[in-house]
Every structure is written in structure tokens, then in C-alpha cells.
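Chemist: Here is a sequence together with a model predicted from it:
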Amino acid sequence: MSVEPPGPVASSWMAKPVDAIPTGALSRLRAEAAGCRACPLWRPATQTVFGRGRAAARLVLIGEQPGDREDLAGAPFVGPAGQLLRETLAQVGIDAASVYFTNAVKHFKFVPRGKRRLHQRANAAEQAACRPWLAAELARIAPEVVVALGAMAAQTLFGNAFRVTAQRGVWQTLPNARPALATWHPAALLRMRSP
Ligand code: URA
Ligand code: SF4
């Protein structure tokens, strides 16, 4: 697979602008991201949670940000939301081995509360700081289809006017003409299901 040149070509995977997109094999991107200090989220977190999956993946699934379990494991979607996501993929006949899993933001953000760490949503500046990593993953993998899970990933792909409530499940066209869509985040489904 060829390496996309940095700049407008690679950034056309998403509506939000990205200045400089790192290039190279996923293993190299992962190693670089492990040392990222582009926003304050790295400091209290355990590690960068880079995407997981093969460069040949045809589908990229983008979540919001790692949670407590992902922060400790160093891999995306290994906690309860990830469990539901994998079950859902299995139900619709998608082999998880053919999917690349990643997040819009690659560090866990939290506030300590006793022994627990309460999830906090990454702000706009943190999301912007982390965009080059997602742009780099998409440019490298060049998947056939991109699926955004939840509003953060959806707005990164499609712009701030996008509403998951109104536009979920509706095929969109990325600036580079690839198909993409957004749907509920699995954590939102868990919250709907519990009451
Ligand atoms: N929720 C996300 O958005 N990403 C993960 O990796 C886990 C939970
Ligand atoms: Fe870098 Fe993203 Fe982590 Fe911020 S959240 S330090 S931009 S990898």
C-alpha cells in the first residue's frame, strides 16, 4: 500500500482541518504517538491508546476516546462498550479481525474520585490536537468504509453541524469521496439499555 503525501490529500478523510499528518507504517505511527505531548491529556494517563487492527482493514470504526479499561490495557474498545460493539459486529456478520478500531482522541481523560477515575469528555482543543493521529491512521489504511461511533467522531469526520440523532445511519461522502456513516456510540446504547 502506498503512503499518502501529507497535506490536503490525506486530510481529505475528514472535514476538520489537519496541518501536518504523520506518515509511515502503523507500527511507526503507534510508536510516535506513544510519545505524543501535543495536549495535556498524556500526563495523568497510563499510556497512549493507539488504534488496533491491520493496515489492510476495509472498515475503520472510530470511537470517542479511551476509557479506564482501555487506558490500562493500551488498546481501544476492551471495556463494556467494546464488548457490546464486538457482539454487535458478530451479530451482523463482521469479523472483528477485519476491522481497525480507533478513537478520535487517544488518551483517557478523567477526574479522580476516591479510588475511581471518572471519565471526562475531551474538549475541542484536545480533539484538535489529536486529529493528526486519526488522519494518519486513515491515510495509511485507506479503508473502503469509515464508521463514526458517537458525536465526537462524527463531527471530526463530517463537521460540527453533523447531528448523530438526525443523521445516523445515513451514508455520507467524505471529502475524498469515500463512503462513511455515523451511528450511536456503544456506551450510549449501554446507557439506554440499563434503565
Ligand atoms: N469508548 C470509546 O469511545 N472508545 C474506546 O476505546 C472505549 C470506549
Ligand atoms: Fe497527543 Fe492525542 Fe494524547 Fe493529546 S490526547 S497527548 S494529542 S495522543
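Modeler: Happy to help now that I have it. Ligands and ions are numbered 1, 2, ... in the order given.

Chemist: In three-state terms, label residue 93 for me.
Modeler: Three-state assignment for residue 93 (DSSP: H, G, I helix; E, B strand; the rest coil): coil.

Chemist: number of nearby residues for it?
Modeler: 6 (other CB atoms under 10 Å). C-beta here means a position set from N, CA and C on the backbone, and glycine is covered the same way.

Chemist: Sketch out the strands for this protein, chain order is fine.
Modeler: Taking DSSP state E as the criterion, the chain carries its strands at 59-63, 99-103, 110-113, 116-119, 145-149, 172-173, 179-183.

Chemist: Which one, of the ones you listed, ends up nearest to ligand 1?
Modeler: strand 59-63 (2.7 Å; CB to the nearest ligand atom).

Chemist: hmm, the closest one touching ligand 1?
Modeler: Yes: if you take CB under 6 Å from any ligand atom as the test, strand 59-63 does meet ligand 1, through residue 63.

Chemist: still on that earlier bit, looking at the strands of the chain, spot the one closest to ligand 2.
Modeler: Closest among the strands of the chain, using CB to the nearest ligand atom: strand 99-103, at 9.2 Å.

Chemist: distance between that closest one and the chain's centre?
Modeler: 6 Å (CA atoms, centre = their mean, to the nearest Å).

Chemist: what is the mean pLDDT for it?
Modeler: With pLDDT averaged residue by residue, strand 99-103 scores 98.

Chemist: what's it in contact with?
Modeler: 49-55, 57, 59-66, 76-77, 82, 89, 134, 137, 141, 143, 153 (CB atoms under 8 Å, 6 or more residues apart in numbering).

Chemist: Now do the buried residues in the lengthiest helix in the chain.
Modeler: When the chain is scanned for its longest helix (criterion: DSSP state H), the result is helix 124-141. Buried positions in helix 124-141, judged by neighbour count with 16 or more other CB atoms under 10 Å: 126-141.

Chemist: Then stretch 172-191?
Modeler: Applying 16+ other CB under 10 Å to stretch 172-191 flags 172, 174, 176, 178, 180-187, 189 as buried.

Chemist: and the gap between the residue of the chain most remote from its centre and residue 85?
Modeler: What lies farthest from the middle of the chain is residue 114; by CA atoms, centre = their mean that is 28.7 Å. Going from residue 114 to residue 85 by CB to CB, to the nearest Å gives 28 Å.

Chemist: Which residues of the protein lie near ligand 1?
Modeler: 63-67, 70, 76-77, 79, 81-82, 103, 187.

Chemist: Least confident of those residues?
Modeler: For the residues of the chain next to ligand 1, the pLDDT minimum is residue 187, 80.

Chemist: Skipping its backbone neighbours, what lies nearest that residue in space?
Modeler: If the residues on either side of it in the chain are set aside, residue 187 comes closest to residue 81, at 4.2 Å by CB to CB, 6 or more residues apart in numbering.

Chemist: likewise residue 46?
Modeler: Closest to residue 46 by CB to CB, 6+ apart is residue 71, at 4.8 Å.
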